[in-house]
Structure formats: structure tokens, C-alpha cells
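Trainee: Return a 3D structure for these sequence lines:
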Amino acid sequence: MQPLAVTPYSGESIVLLKNTDALLPLDKQLRSLAVIGGFARSPRYQRVEERFRAHSLIRVSLETGRTHQIRVHMAYVHFPLLGDPVYGGRLKLPPGCGQQLIEVLRGFRRQALHAARLGLVHPHTGDYLEWESTLPADMQGLLAALRSDLEAHRDDG
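Mentor: The predicted model follows:
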């Protein structure tokens, strides 16, 4: 049996990042990511979906299935994925957050990364195949807790 050839790949992921005190605003860093560091075939960052007090939810489009692609690139621009034990660093709690959010953040035991859509060209038939997946319940719960925290601190300044 011959090994499978590299196939054209596409995908769109939903990612929850830890905001840091980086030098550039998140939007500018995402737009310029392909230039910073000169990564070949870096992810194409489409948009920031939601901002929270210490985290941001973004939608990412991929052009390859390269391992750790999103994780490495986001860590490089100082916006690591929430829950990433390799590239993410320590847990970031928003200042003055409530016990519920602390428990939700500490209880989230994986990378806050979800492949919403994956597609590839089948190596034998040449057909394009695509799959979509809804956001899992644990990420929905995490987002609900972050939204609740944001609302609770809306008047903080």
C-alpha cells in the first residue's frame, strides 16, 4: 500500500485566545501575521468574533493541515490559545472575576480550539470532501461564562 499523498486542505476553526499586553492591537497582529516571522502558509485570520475582558474569540481559515498551525502562530504573536499546555502558558484570569468564571476557566482542560469546517481533496478520487461541526457544549459553556463576566463588569471602565 502506498502512502497517501499530500492533499489540498481547507478549514475554518473557532479559537478562544488569551489576550496579552502585546505591542500591537490584536486586529493588526492578525492581519500582519504572515509577514511577522515569515511563516510559509500561515493561517488566514478572518475576524475577531467577540472580545471579552481577558480573552478574544476569533475565526480562522486554514490552507494546510499542518500540525499545530494555529497554536504556534497565535503563540508567536503573543495571543496563545486558552487551555493550550504546550504554547499557552499560564491561565489568565480577568481582574476581579467571580468564582463561577474561575471554576469554568480552571475546569476547561483542553485547547479552546474547534474545527468548525474541514475540507480536503480525496487522494484517490480527486473529489472534494467537506465536514462541518457545531461548537461543542464545553466551549459553549466557556463562552457563556465569559459573556456573563463581561456583562457583570460592563460599567467598570
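Trainee: Give me the below-cutoff pLDDT ranges for the protein.
Mentor: With pLDDT under 70 as the threshold, the chain has low-confidence stretches at 1-16, 19-46, 62-67, 157.
Trainee: Now do the helices in it.
Mentor: Using DSSP state H, the helices found in the chain span residues 26-31, 69-76, 99-107, 137-152.
Trainee: what angle separates the last one from helix 99-107?
Mentor: Translated: helix 137-152. Relative orientation of helix 137-152 and helix 99-107, computed by axes from the mean of the first three to the mean of the last three CA atoms, to 10 degrees: 150 degrees.
Trainee: again with the second one
Mentor: Computed with the same axes, to 10 degrees, the direction of helix 69-76 lies at 120 degrees from that of helix 99-107.
Trainee: What residues does residue 72 make contact with?
Mentor: residue 87 (CB atoms under 8 Å, 6 or more residues apart in numbering). C-beta coordinates here come from the backbone N, C-alpha and C atoms, glycine included.
Trainee: how far away is it from residue 17?
Mentor: Counting by CB to CB, to the nearest Å, the gap from residue 72 to residue 17 is 13 Å.
Trainee: excluding its backbone neighbours, what's nearest residue 91?
Mentor: In space, residue 91 comes closest to residue 105 once its chain neighbours are excluded; the distance is 6.1 Å by CB to CB, 6 or more residues apart in numbering.
Trainee: Hmm, residue 98 and the one you found touching each other?
Mentor: No. Look at residue 105 against residue 98 with CB atoms under 8 Å: they stay out of range, at 11.0 Å.
Trainee: And these two? Which one has more around it.
Mentor: More crowded of residue 105 and residue 98, by other CB atoms under 10 Å: residue 105, with 23 against 14.
Trainee: For that one, give its distance to residue 144.
Mentor: Taking CB to CB, one finds residue 105 at 12 Å from residue 144.
Trainee: ok, now residue 132?
Mentor: 22 Å.
Trainee: again, but for residue 47
Mentor: Counting by CB to CB - residue 47 and residue 144 are separated by 21 Å.
Trainee: Appreciated, that's everything.
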